[in-house]
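Asker: please work out how this folds:
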Amino acid sequence: MQVKDNNFLITGAASGLGAATAERLLAGGARVVLCDRSEHVEARAREWGERAVAVRGDVCRADDMQAAVDRAVALGGLHGVVHCAGVVSVAKLLDREGRPADLDAFAKTVEINLVGTFNVLRLAAAAMADNAPQGEDGERGVLIDTASIAAFDGQVGQAAYSASKAGVAGMTLPLARELSRYGIRVMTIAPGVFETPMMAGIPDDAVASLSAAVPFPKRLGRGEEYAALAEQIVANVMLNGETIRLDGGIRMQ
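Answerer: Modelled structure (predicted):
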């Protein structure tokens, strides 16, 4: 699937990994629908010009995501999705007094990170199935999700976050197998520790510790590195049904 002249939907596009990916795809000649709950997504669209369109929306709401998909289809078809929207949560199963974790908080994390991902994929796949096939392989679209190394190396207090991201990784292969009949690929990126707004509140000494734990390069990942991998997944038709760790070799203890 080529980037140039195709249409992409980016969730979580107002900042972080989503914004970096949108900027890279736009630079490659794509048209991009930027979707985010934040009002800042509209400023991003104005900044990036006429090939960028903003749609405010919550990934957990079917009508919001249908509107975003429809906006891409109106541009001439939806050819790719990079789903970056999500939340980080921290809560132990038992607190210091031995009281159990809040069930609603656990469910909310799973709803946003896992159910929200499924919601985006199901609606996008339905639109992509109607595309005319492209290239010698007859490709109709590519779906790229975002998991986390926490899906595999979860830390204390990350039960909800790790479970939600492990679910994203876990549905990658079955969805790729299912959608192969339509010429639609499904891939997942599992970032390590990255410079994103989610990391902004972490103390400097904690950032230094995390950076030192990365074998190489000894720093946090950058949005443009995630975006470069997303672009390569779009372009390389043999990348399908897999979760790629993008983490500098870190294995969290």
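Asker: point to the residue nearest the middle of the chain.
Answerer: The centroid of the chain falls nearest to residue 84 when counting by C-alpha atoms, centre = their mean (2.6 Å).
Asker: list phi and psi for it.
Answerer: The phi/psi pair for residue 84 (degrees, to the nearest 10) reads phi -110, psi -10.
Asker: contacts only, for it.
Answerer: By C-beta atoms under 8 Å, 6 or more residues apart in numbering, the residues touching residue 84 are 10-13, 16-18, 21, 146. Any C-beta I mention is one placed from the backbone N, CA and C, and that applies to glycine too.
Asker: go again with 7 Å.
Answerer: Residue 84 sits next to 10-12, 16-18, 21, 146 when contact means C-beta atoms under 7 Å, 6 or more residues apart in numbering.
Asker: who wins on neighbours among the residues you listed?
Answerer: The most neighbours of any of the contacts of residue 84, using other C-beta atoms under 10 Å, belong to residue 10, which has 35 neighbours.
Asker: which SS class is that residue?
Answerer: Classification of residue 10 by DSSP: H, G, I helix; E, B strand; the rest coil places it in strand.
Asker: so for it, what's the nearest residue that isn't a sequence neighbour?
Answerer: Nearest residue to residue 10 in three dimensions, chain neighbours excluded: residue 22, at 4.6 Å (C-beta to C-beta, 6 or more residues apart in numbering).
Asker: and if you look at residue 54?
Answerer: Per C-beta to C-beta, 6+ apart, closest to residue 54 is residue 45, 3.7 Å.
Asker: CA-only coordinates of whichever strand or helix holds the one you found in PDB, if you can.
Answerer: Assigned by DSSP states H and E, residue 45 belongs to helix 40-48. Taking C-alpha atoms only, helix 40-48 is exported to PDB below (Å, rounded to 0.1, in the frame of the first residue of the first chain):
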ATOM      1  CA  HIS A  40      -6.300  20.600  19.800                       C
ATOM      2  CA  VAL A  41      -6.800  18.200  16.900                       C
ATOM      3  CA  GLU A  42      -8.600  21.000  15.000                       C
ATOM      4  CA  ALA A  43      -5.500  23.300  15.400                       C
ATOM      5  CA  ARG A  44      -3.300  20.500  14.100                       C
ATOM      6  CA  ALA A  45      -5.500  20.200  10.900                       C
ATOM      7  CA  ARG A  46      -5.200  23.900  10.300                       C
ATOM      8  CA  GLU A  47      -1.500  23.800  10.800                       C
ATOM      9  CA  TRP A  48      -1.000  20.900   8.400                       C
END
